[in-house]
Structures are given as C-alpha cells and as structure tokens.
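Engineer: The sequence and its predicted three-dimensional model are supplied below.
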Amino acid sequence: MAEGNTLRPRSSSLTSATLTSAAEMEGACQACVADLGQDSLMMPSSSSQNAVPNIFLQPFDCIKSVSDYVKAGEEKFCVASAIFSPSEIFLVHATHFPKKVDSFIWCMSDVYNSVIKGPHRNEWLVNYRLVRNGMFVAVYKREENEWHRGQVLYESSSNPERRMFMVQFIDFGDREEIWEGDLAYLHKNFAHQLGWSIRCRLELGKYYDRYHKGTLMWPPALKKNLHDTLFDKRFRVKFLRKVIQYGYEVWEVSLLNFRDAHPMNVVNQPIQKQVILRMLEKYVEDDGTEITEF
C-alpha cells in the first residue's frame, strides 16, 4: 500500500524531451553499467563481513541527498514530488525533474530488469535476514516495470508467506509497502548519485510549531487541499533554515509563487499561508481567538 501521492518518472515514454538523442541515451546507459564488467550480468564471488556482496551498498552505508548541498537563503524552482502534510513534503529541483531523474531511473531499470531475468537473479535479490532498518535497496515497481532507489523504514509484515517492508523512495519521497521479492541489493554504481528529493516542512509562523512538533494533527481535509494545490506543480521556493523534526533533518521552506500564471501569485503572501488560512481560519482557535493571519 502506497503512502502519499508522488510524481512518477516519465521514462515509459522517453523521447527527445528527456534524452536529446539516441546517442545520449546509449551513453547514459553505458555510464550506468561501466563498472559491472565486460558482462553486465557477471557476479563477483567476494562478500563483505555482512554477507552482502561487495559490489553492492552495505547495510549501514548511506546515500547523500541533494538536501545536503542546499544553502539557507537560496531560492530555487522546485516540483512537489510527495505530500503528506504541511510538516512533511518532498521537493525536487525543477532542473532535475523530469530529464535527469528519468534518465537515471531508465538506466537503473534497464540494468536490473536484465539481471533479474538472468542466472544471477538470486544473488541480486535481498536476503530478508540481512535487511536492516535504514538500509538502501533497489525496489521494483511492478505497475511501471521500473526499479527505484529506496530506504527500508521497517518490516511491516513478518508473515513468512508474504514478508513485507515499508520503503521510502529516496528520489521522490513517497512510501510504499513492498514484498521482499521485489527488493534487491543496490549496486554501488547507482549509489553515487545524490538522492533527488529534499525533505521539507512549510514555514507557517509561530502558531503552527505545535503542529510541526506533532502535538496537534493536521486535518485530513487540509492535507488533501494542500496536495490538490501543490502536487506536480512548479514554484519558486526559498530555503529558510534546516531544523530537526522527528529525528530527520528538514528544510523549512516558503513557497513564494508558482512558476506559471496562477491566481495565488497576485496575493502578497506565500502560497502555503494562503492554503492553510483558507482551510483553518474557520475552526482553528488559539486561546479562544480565531487565527486569521500569520
């Protein structure tokens, strides 16, 4: 079961809009598999002390994110790739999506789909006994026949007939419950690229610290309205500061205006405040006083 609507790569219809030529497409794929050896299906026999073959990312290895290189005060055009609440949204730089993200996932899917059909399938698929919370893996998206990079959050079902893991996709931010048979080790070639998505929360002023801190729950209707307004839209974002929230580093951001013409652009107030006020001013009260401004 998926959590949070998310952008999906448009690699199923790759054209000159994503890769400018057949030569560029071929070159991108060759770069992805360059270190796999003369035969991309070859499987080295050496393993680490974790029993995971050395060509793969190890259980406690990490992948850096684009988020690590954002600077406070920067303004960037971004796309909302996954939205859970005002306290948890994921953004991707508009310069990365769709072209760069699509190209990367297309290459990764090409390699993994070839390997999984070959004689080394079982050596690439994960041994669930070696799976650790926080481990980075390759995840098969059946409905799209694509492989994505994910991070295991926890084992959601230990039923031996259908063992499941909750996984967060690091390039979009959405979460989904995945069957163990659709998890593979992540080849180191695909670990060098920074995670594309940036974990954020919306800047909402002092009244809403209690929501961000989890002492109050965001109304479901507000979450839906926020999704309908922002999902897959491009807007100018100001990265204000990095904070720790629920154990994660999170960028607090302000959505300044939509890239394209939009009614909200004519109001001298950030997008998120227009959305939140529209939903909350009727019933959110602070000490008996209705909140109507930030």
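Structural biologist: Alright, I've got the coordinates. Numbering: from 1, shown residues only.

Engineer: any idea how this protein splits into domains?
Structural biologist: 2-190, 203-290 (automatic domain parsing).

Engineer: Of all these, which one comes closest to residue 196?
Structural biologist: domain 2-190 (4.2 Å; Cβ to Cβ). Every C-beta, even on glycine, is put in place using the N, C-alpha and C of the backbone.

Engineer: mind listing the strands in this structure by residue range?
Structural biologist: 2-3, 75-85, 88-93, 136-141, 146-157, 164-169, 175-179, 183-185, 198-202, 234-245, 248-258, 285-286, 289-290 (DSSP state E).

Engineer: So which of those is nearest residue 218?
Structural biologist: strand 75-85 (4.4 Å).

Engineer: Show residues contacting that closest one.
Structural biologist: 3-7, 70, 89-95, 97, 172-174, 197-198, 218, 222-223, 226-227, 230-239, 256, 259 (Cβ atoms under 8 Å, 6 or more residues apart in numbering).

Engineer: Helices along this structure, start to end?
Structural biologist: 22-33, 99-116, 121-124, 209-212, 220-230, 271-280 (DSSP state H).

Engineer: what sits up against the last one?
Structural biologist: When contacts are taken as Cβ under 8 Å, 6+ apart, the neighbours of helix 271-280 outside the stretch itself are 86, 202-205, 208, 219, 221-222, 225-226, 229-230, 235, 254-258, 264, 267, 291-294.

Engineer: Quick check: mean pLDDT of it?
Structural biologist: In this model, helix 271-280 has a mean pLDDT of 80.

Engineer: Buried residues, that helix. List them.
Structural biologist: 271-273, 275-277, 279-280 (16 or more other Cβ atoms under 10 Å).

Engineer: can you state the direction angle for that helix and strand 88-93?
Structural biologist: Angle, helix 271-280 to strand 88-93, by axes from the mean of the first three to the mean of the last three Cα atoms, to 10 degrees: 150 degrees.

Engineer: The fifth one too?
Structural biologist: Taking the same axes, to 10 degrees, one finds that helix 220-230 is oriented at 10 degrees with respect to strand 88-93.

Engineer: Remind me what helix 220-230 packs against, helices and strands.
Structural biologist: Contacts defined by 3 or more Cβ pairs under 8 Å, 6 or more residues apart in numbering; DSSP states H and E place helix 220-230 against strand 75-85, helix 271-280.
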